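Peer 1: I'd like to go over a predicted model; first the sequence, then the structure.
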Amino acid sequence: GAGVSQSPRYKVAKRGQDVALRCDPISGHVSLFWYQQALGQGPEFLTYFQNEAQLDKSGLPSDRFFAERPEGSVSTLKIQRTQQEDSAVYLCASSPAVGAGYTFGSGTRLTVV
Amino acid sequence: AQKVTQAQTEISVVEKEDVTLDCVYETRDTTYYLFWYKQPPSGELVFLIRRNSFDEQNEISGRYSWNFQKSTSSFNFTITASQVVDSAVYFCALRVQGAQKLVFGQGTRLTINP
């Protein structure tokens, strides 16, 4: 596609519910990143994939957060048993090569009530 | 560890004024890359510029200019003759050699009033 596509655009979840956020990177982009952006803050790194391999997951805040990219293209960020502090915008970015520039999607705004 | 500080939380100016957004970074790495991104209300981060640590030459792109000074660990961004369309949140970010993740500052919300 022309850009990085994320869905849904908005998600409201009840506390304790599981959610799945989807990222469609630009076709052919090798690298894929997830970032979490709390209200009024800068994005914070969650995890990084190179093709289907998850090379860095040091930013995942707890074991309730899980990301996958099984075929090296679409990625899903799953949050289990959501809590209020998980409320944030989740941004996905992709890059054509290691170290190249990133293109960000518009994000998914998750609100946990 | 790396850190990026954008001390200005919000700036508001009248259209056509010049405005400078400050960015100070911390890293012990000698090779690194600095970025500026614009985040309009639609939410996506729009890439503006990337500089590497060995290139301190200032850059100008239309109304935008960047001043990189290693001596003060700063990478400031100036908009000349600001326009209402420049209103957005601007982020400075850092990536060190060998790492893939970006470390972002807190952002500066810029409002240009007509």
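Peer 2: Alright, I've got the coordinates.
Peer 1: ok, the closest residue to B:Gln100 other than its chain neighbours - contacts?
Peer 2: Among residues not flanking B:Gln100 along the chain, A:Tyr48 sits closest, at 5.1 Å (C-beta to C-beta, 6 or more residues apart in numbering or on different chains). C-beta coordinates here come from the backbone N, C-alpha and C atoms, glycine included. Taking C-beta atoms under 8 Å, 6 or more residues apart in numbering or on different chains as the criterion, A:Tyr48 is in contact with A:31-34, A:54-57, B:100-101.
Peer 1: what strands line up against the host helix or strand of A:Tyr48, and which way round?
Peer 2: Here A:Tyr48 sits within strand A:44-50, counting by DSSP states H and E. Sheet pairing of strand A:44-50 (DSSP bridges) gives strand A:31-37 (antiparallel), strand A:53-56 (antiparallel).
Peer 1: indicate which one of those strands is closest to A:Arg64.
Peer 2: Of all these, it is strand A:31-37 that lies closest to A:Arg64, at 12.7 Å by C-beta to C-beta.
Peer 1: quick check: mean pLDDT of that closest one?
Peer 2: Averaged over strand A:31-37, pLDDT sits at 97.
Peer 1: related to what we said a few turns ago, farthest pair in the contacts of A:Tyr48?
Peer 2: A:Ser31 and A:Lys57 (14.2 Å).
Peer 1: between the two, which one's more packed in?
Peer 2: A:Ser31 (20 against 15; other C-beta atoms under 10 Å in any protein chain shown).
Peer 1: mind listing what the residue nearest to the more buried one when sequence neighbours are not counted touches?
Peer 2: In this structure, A:Ser31 finds its nearest non-sequential neighbour in A:Ser95, 4.0 Å apart by C-beta to C-beta, 6+ apart. Residues near A:Ser95 by C-beta under 8 Å, 6+ apart: A:29-33, A:101-103.
Peer 1: what about B:Lys70, neighbour count?
Peer 2: By other C-beta under 10 Å, the residues close to B:Lys70 number 11.
Peer 1: just say which of the strands paired with strand A:44-50 is most tucked in.
Peer 2: strand A:31-37 (a mean of 24; mean count of other C-beta atoms under 10 Å in any protein chain shown).
Peer 1: in a strand, B:Val85, correct?
Peer 2: No. Assigned with DSSP: H, G, I helix; E, B strand; the rest coil, B:Val85 falls outside any strand and is helix.
Peer 1: can you pull the pLDDT of it?
Peer 2: 95.
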